[in-house]
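K.L.:
need a 3D model of the sequence below.
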Amino acid sequence: MTKRRALLFLFLLICWISGGAASTESESVPDPLPEPRELLARLEEKAAELRTLKADFVQEKHLAVLDRPLVLKGTLLMQKPDHFSWIVREPLGYAMVIRGDVVHQWNEDTQQVDKISLSENPLFQMAIRQLRDWLSGSYRSILGDYAVSVLGQQPLRLQFVPRDTAVPRELIESVTVEFERDERYVRQITIVERRGDWTLLTFVDTLLNDPIAPSAWDVEQHVR
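P.N.:
Numbering: from 1, shown residues only. Here you go, the predicted structure:
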């Protein structure tokens, strides 16, 4: 896999991950619904003490041209303010570790580690920033690009729709975020693309504020 193809793969992997059920069926929600901004403020307050996050994930990418979804399994690590890793273990090997502004990525095709500067790749930087925001609880920072509505309360489900002038509008139809019942962290994220494809990303075995060894931020530690 060339560096350009690897970057494209990663951009699609991160930008268009989705969670929750990608069903478009309407959900019966009791009235009145909470005001979205009040909910976001409440979620941010609960997430204020979050320092680290560990979780396994299952990602199902549903493409209109395929009968079955593409399924990836791996592990996510995050440490505030600027450490993030995305490790794919099945069915292929891929590792991405971000420290500050630098992305280190490895894939089993090339058996090489590439470095990418986020500041030199603004779209990639935007994708990473938004994923971090959704996972870390910085939801009000997303409101400049997205309008938010409440789909359900038990569990809490929020839908983010890109504003007409926002860059994500060109590719994303909506993002649905579903929380655990205690609302401390995200259980699923759903992103539906404007072309009709969608992805289901589910987090399991999530650990909050569990110590992360410094070696976890060395991409070569995840190479198999």
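
K.L.:
use CA for all of it now, contacts and neighbours both
P.N.:
Noted.

K.L.:
residue boundaries of the strands in this structure?
P.N.:
52-62, 70-79, 83-90, 94-99, 102-107, 112-117, 146-153, 156-162, 172-179, 186-193, 198-208 (DSSP state E).

K.L.:
who are the packing partners of the first one?
P.N.:
Contact analysis of strand 52-62 by 3 or more C-alpha pairs under 8 Å, 6 or more residues apart in numbering; DSSP states H and E lists strand 70-79, strand 198-208 as its packing neighbours.

K.L.:
columns mean pLDDT on top of those strands, output as CSV?
P.N.:
Formatted as CSV, the helices and strands packed on strand 52-62 follow (pLDDT from 0 to 100):
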stretch, mean pLDDT
strand 70-79, 94
strand 198-208, 94
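
K.L.:
please pull out the lowest mean pLDDT helix or strand from this structure.
P.N.:
Scoring the helices and strands of the chain by mean pLDDT, DSSP states H and E places helix 3-15 at the bottom, with a mean of 43.

K.L.:
low-confidence ranges in this protein?
P.N.:
Within the chain, the ranges that satisfy pLDDT under 70 run 1-34, 224.

K.L.:
need the residue closest to the centroid of it.
P.N.:
In the chain, the centroid-proximal residue (C-alpha atoms, centre = their mean) is residue 131; its distance is 4.0 Å.

K.L.:
bridging residues for residue 97?
P.N.:
residue 85, residue 104 (DSSP bridges).

K.L.:
stretch 110-127: end-to-end distance?
P.N.:
24 Å (C-alpha to C-alpha, to the nearest Å).
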